[in-house]
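Q: I need the structure of the sequence given here:
(one chain, ligands or ions: 2)
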Amino acid sequence: MSEPETPAPPVPQEAVSEPAPEPVDSTANDAAVDREIARKTRRSLFVGGLAAVAGGGIWEWLRTRRNEDGVPWPLRLALRTDEELSRDYFRPARLARTFGPGDIEELRENGDIGLDEDVSPDWKLVVEGAGQPLTLAMDDLKTLPKVEQITQFKCIEGWSHVWKFGGVRFRDFAQKYAPGATDPNSYVALETPGREYYVGLDWASAMHPQTLICYEMNGEPISEEHGAPLRLAIPLKYGVKNLKRIGKIAFTKTRPADFWAERGYDWYAGF
Ligand SMILES: Nc1nc2c(c(=O)[nH]1)N[C@H]1C(S)=C(S)[C@@H](COP(=O)(O)O)O[C@H]1N2
Ligand SMILES: [Mo]
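A: Numbering: from 1, shown residues only. Ligands and ions are numbered 1, 2, ... in the order given. The predicted structure is shown next:
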């Protein structure tokens, strides 16, 4: 069954080849995010369309929708499987709210599993499950466009803070270092260097435009207690999924184990 959405165009070449690009606000000035918003808007129209169908005028509705955007999208959408349909209807892709520089709050630390010792000076990021295993240095990651994003960080314990995260989009990382990993039914597993703490992500969450692997928080290199040298920032998930001190990223066909899911929390941990 064909995917009804237009696939995102490839990242412009200059985005990966130019040195030290200026940080971009990941939700304001970015073509990739604009495309995401366009998709989200199409989904909202679809939801509105469902309401119209419920009101009775299905053929009239289809006829009037036919030429919207020049694409007969309701008919193609109708070909979706139930699973895809419910995923979009009940859990539409969306963007986390972003904040301004004046909203940034002080850092607060929580959870130190896998952070007992300071990070090794030999730290490298291991990438598995997408061809030959890779071992990347921070400089490799810094060849990708830098993104700064001010979002609210929420812990399931009941607190939240607005912080600024600086790093690279997970999907830019995957596109460059795991170009073979494209299966939307696959997963991403992240773990600390000794695997004391580990999280699993579904593909859509990993590839969400606001999902970052970060080397800065509030404008400073990430401190030991916040997960030096590299952590996950995934604003559509609770704190538990925001793994600190990433040692390995693996692309997997089966749903990865997740430290807190194994201890009774929701595997998805989104909101
Ligand atoms: N390695 C590691 N990452 C972790 C945790 C942890 O115990 N170990 N705790 C998680 C939880 S429950 C929260 S709320 C956040 C807290 O991140 P912070 O210390 O930057 O506030 O880290 C998450 N990532
Ligand atoms: Mo948490």
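
Q: Residue numbers of this protein in contact with ligand 2?
A: The chain has residues Cys155, Gly239 near ligand 2, with proximity defined as CB under 5 Å from the ion. For every residue, glycine as well, the C-beta is placed using N, CA and C.

Q: what's the single longest strand in the chain?
A: Taking DSSP state E as the criterion, the chain has its longest strand at strand 160-169.

Q: Correct me if wrong: Ile249 contacts Val188.
A: Yes. Ile249 lies in contact with Val188 (CB atoms under 8 Å); the separation is 6.5 Å.

Q: Give me the more crowded residue out of these two.
A: When neighbours are counted by other CB atoms under 10 Å, Ile249 comes out ahead of the other of Ile249 and Val188, with 28 against 24.

Q: what's the distance between that one and Gly264?
A: As judged by CB to CB, to the nearest Å, Ile249 and Gly264 stand 25 Å apart.

Q: Is Val199 within a helix or a strand, and which one?
A: According to DSSP states H and E, Val199 maps onto strand 198-202.

Q: packing partners for the helix or strand just after that strand?
A: Where DSSP H and E defines the elements, the next helix or strand beyond strand 198-202 is helix 203-207. Under the contact criterion of 3 or more CB pairs under 8 Å, 6 or more residues apart in numbering; DSSP states H and E, helix 203-207 touches helix 170-177, strand 187-191.

Q: and the shortest one, which strands flank it?
A: Put plainly, it is strand 187-191. Its sheet considered, strand 187-191 pairs with strand 198-202 (antiparallel), strand 248-252 (antiparallel) by DSSP bridges.

Q: What's the mean pLDDT across that strand?
A: In this model, strand 187-191 has a mean pLDDT of 98.

Q: Could you check that strand and say which residues are buried?
A: By 16 or more other CB atoms under 10 Å, the buried positions in strand 187-191 come out as Tyr187, Val188, Ala189, Leu190, Glu191.

Q: Identify, from the residues you listed, the entry nearest to Leu95.
A: Among the buried residues of strand 187-191, Val188 lies closest to Leu95 (CB to CB), at 19.5 Å.

Q: so that closest one bridges to which residues?
A: Going by DSSP bridges, Val188 forms beta bridges with Leu201, Phe251.

Q: residues contacting Glu157?
A: Glu157 makes contacts with Asn110, as judged by CB atoms under 8 Å, 6 or more residues apart in numbering.

Q: Assign it to helix, strand or coil.
A: Under DSSP: H, G, I helix; E, B strand; the rest coil, Glu157 falls in the coil class.

Q: Quick check: it vs Leu95, distance?
A: 25 Å.

Q: Could you do Ile249 as well?
A: In terms of CB to CB, Ile249 sits 23 Å off from Leu95.

Q: now do Ala228
A: Distance check for Ala228 against Leu95: by CB to CB, it reads 28 Å.

Q: Next: Ile213.
A: According to CB to CB, Ile213 stands 18 Å off from Leu95.

Q: ditto for Ile113
A: Distance, Ile113 to Leu95, by CB to CB: 29 Å.

Q: neighbour-wise, which of the two wins?
A: More crowded of Ile113 and Leu95, by other CB under 10 Å: Leu95, with 17 against 14.
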